[in-house]
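**Q** Provided below for reference: sequence and predicted model.
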Amino acid sequence: MSPRADRPAAPRRFPARVAGRGGSPAERSRLRRQASAGRMFVPSALTILAICAGMTAIRVAANGNINAALALLVAAALLDGIDGRVARLMGATTKIGAEIDSLADAINFGVAPAFLVYLILLHGADIGWLIALIYTCAIVLRLARFNTLLDDDAAPAYTRDFFIGVPAPAAAIGALGPIGLLQQFGSGWWTSLPVVCVWLMIVAFLAVSRVPTASFKAAKVSPRALPGLLILVAACGALLLTFPYVLMVIGIAAYALHIPFAWRSRRWVASRPEHWDAPPRERRAERRALARETPGRRVIPRGRPAMRKSQARLGLHRPAAATRPTTPHHPDRPDA
């Protein structure tokens, strides 16, 4: 027999606290504060890293490494897109986090792009510095308006599908478009002082305007469109690795072309808010049905619409078929 066999089994010891259970209320409160601080650290750290990337892009551009500067701004944009989602997933959305994120956007998408464009394309021109200041102020005003709209609880539900004005990340990519053209195609009319100044003014106007743009955060992808979307992602990845500036120019052009469609869609949904959650295909079907029911609106038939429309513009009218006089039938006539 073992010498310890006659001893009673020692009681199992459990930790004083397991997952916040047990302990005094003060101890539980301290653990909750520590867990909350840990959750707040990760998204705030991502935002701080985004600020560091944007500021380092300015320094790298000043040293003449344009490719690295643009890559750092892309990294800053990616970190800016991740920190908010990480905060929501971890339940760490706070007021101070939102303020830090806005300040990071002002630096990464306002100050850094304006300084890069001035340093590379507008250096030494007083008017170029003035345009860079206007663009930076426009981005700051756009971010301030965006923060105030977030607190508007009376806004209709369909407004979450649209932005008011061009978002700051998209505006930054658009402002850097002339630099992308310079890197891909060299100097030309697209890098001249008047063209770059006018382009920056257009981007700044779109940022502070009330032109609606689509919010891709609320976009829905149907299962049938998934293969085509994956092929598009593969094509974009191939362009990113081989011709990144071509992809940049294509993205800017595609975003600019979508603005009229976003404006039309928001106008239609604003007049019929009950259809805001319907997919685009059903919205188009509803628009066609309403167009047919609208009195006084001519609906062009499907059969040869282009030819009939052109004939109407030219004032051409097809002559009616001439009616032949009816004559009695005579069997003995040769034309009978």
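**A** Great, that's in hand. Numbering: from 1, shown residues only.
**Q** got a list of what residue 289 touches?
**A** For residue 289, no contacting residues are found, by CB atoms under 8 Å, 6 or more residues apart in numbering. To be clear about C-beta, it is placed using only N, CA and C from the backbone, and glycine gets the same treatment.
**Q** three-state assignment of it?
**A** On the three-state scheme (DSSP: H, G, I helix; E, B strand; the rest coil), residue 289 is labelled helix.
**Q** I'd like the numbering to begin with 16 instead of 1 from here.
**A** Sounds good: first residue 16 from here, last item residue 304.
**Q** distance-wise, check it relative to residue 221.
**A** Note on residue 304: its distance to residue 221, by CB to CB, to the nearest Å, is 33 Å.
**Q** same question, residue 104
**A** Distance, residue 104 to residue 221, using CB to CB: 31 Å.
**Q** okay, now the closest residue to residue 196 other than its chain neighbours: neighbour count?
**A** Taking CB to CB, 6 or more residues apart in numbering as the measure, residue 196 lies nearest to residue 205, with 4.7 Å between them; neighbours along the chain are not counted. Here the count is done by other CB atoms under 10 Å, and residue 205 has 17 residues near it.
**Q** surely residue 205 meets residue 195?
**A** No - when contacts are counted by CB atoms under 8 Å, residue 205 is not listed as touching residue 195 (9.8 Å).
**Q** before we move on, the earlier item: neighbour-wise, which of residue 104 and residue 221 wins?
**A** residue 221 (19 against 12).
**Q** run through the residues that contact that one.
**A** 180-181, 186, 189, 274.
**Q** how close does it get to residue 247?
**A** In this structure, residue 221 and residue 247 are separated by 25 Å, where distance is defined by CB to CB.
**Q** host element of residue 228?
**A** Using DSSP states H and E, the element containing residue 228 is strand 227-229.
**Q** which is the next helix or strand following that strand?
**A** For strand 227-229, the following helix or strand on the C-terminal side (DSSP H and E) is helix 241-257.
**Q** contacts for that following helix, please.
**A** Residues external to helix 241-257 that are found in contact with it (CB under 8 Å, 6+ apart): 236, 261-262, 265.
**Q** again, only using 6 Å
**A** Contact with helix 241-257 is made by 261-262, as judged by CB atoms under 6 Å, 6 or more residues apart in numbering.
**Q** pLDDT on the next helix or strand after it, on average?
**A** Beyond helix 241-257 on the C-terminal side, the first helix or strand identified by DSSP H and E is helix 259-286. Helix 259-286 comes out with an average pLDDT of 86.
**Q** how about stretch 80-97?
**A** Mean predicted confidence for stretch 80-97 is 90.
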